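1. Everything below, folded, please.
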Amino acid sequence: MCQDRVIKLLIFGFIVGLVLPESSPHPASSISKERPGDDYDYDDEDEPSREARPENDINGGGPSRTQLLTKNHTVEAELDATVTLPCRIQNPEPNTIIMWYNMSSLLFMRNNSFTQDPRVSLEQDNAVRIQNVLASDDSIYKCTVLPIKKSVFITLKVKGPPYNIRITHGNKNYANQELELQERDRKFILHCEASGYPTPAVTWSFRGKHLTEDYAKH
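-> Modelled structure (predicted):
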């Protein structure tokens, strides 16, 4: 009898041990990880990790916003050379509009040309290309990106001999002309100015003799 009871008790205990885990009201995966007095913010296994998201992802998976990468700078070019003026855009959108200006004159808007100069063209990377550079190309060019309303200014300096030389007395230009003075004109003033890059140096001479500031004062 005693042995039979022991065997029955052992069998009953074994059956109870198998049944109890299945009677738990919560599945193991849904039990909270939080412990009493624990302030740690545990990640939800069903939610993507915050660290997996890129920092520049402003739309939760979309591309970052359009940016103008080119900075204001100066480009030097020789006469008759070919020069490229860059306008680098990061992440352009379908509605991105790129406009090029020479000072206030519109050159390009998107792929539309507003210049009649065949030497000036728009490249696929939004750069402006100028062939057979002339002294008159020396200017300030602007690339504007819409709708972000960002602009970059590129100064083109053309190296070459001086041009637009003016020698003035009063309001008249006497460059390559004769200037007649009366004997009573004991004092007169001549101005000389010229354009070019590098900046032209102006010197004066009279009858083959170099004039200095001291001589000019007499």
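
2. can you pull the buried residues of the longest strand anywhere in the chain?
-> Ranked by residue count under DSSP state E, the longest strand found in the chain is strand 150-159. Across strand 150-159, burial judged by 16 or more other CB atoms under 10 Å covers 152, 154, 156, 158. In short, each C-beta sits where N, CA and C put it, glycine included.

3. quick one, domains of the protein?
-> 67-159, 163-216 (automatic domain parsing).

4. Near the residue nearest to P92 when sequence neighbours are not counted, how many residues? Count them for me, please.
-> Closest residue in space to P92, ignoring its immediate chain neighbours: T66 at 5.6 Å, by CB to CB, 6 or more residues apart in numbering. When counting by other CB atoms under 10 Å, one arrives at 17 neighbours for T66.

5. how close does T144 get to T199?
-> Applying CB to CB, to the nearest Å, the value for T144 to T199 is 29 Å.

6. more neighbours, these two?
-> Of the pair T144 and T199, T144 is the one with more neighbours under other CB under 10 Å, namely 18 against 9.

7. okay but the more buried one is in contact with S104, surely?
-> No - the criterion here is CB atoms under 8 Å, and T144 misses it with S104 at 12.0 Å.

8. just the domains of the chain: most buried one?
-> Of all those, domain 67-159 has the most neighbours on average by mean count of other CB atoms under 10 Å, namely a mean of 15.

9. wait, what's in contact with S113?
-> 107, 121-122 (CB atoms under 8 Å, 6 or more residues apart in numbering).

10. Narrow those to those in strands?
-> 107, 121-122.

11. Let me have the contacts of S113 in CSV, extended by pLDDT and distance to N173.
-> Shown next, in CSV, are these (pLDDT from 0 to 100; distance: CB to CB, whole Å):
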residue, pLDDT, distance to N173
L107, 98, 31
S121, 98, 36
L122, 98, 38
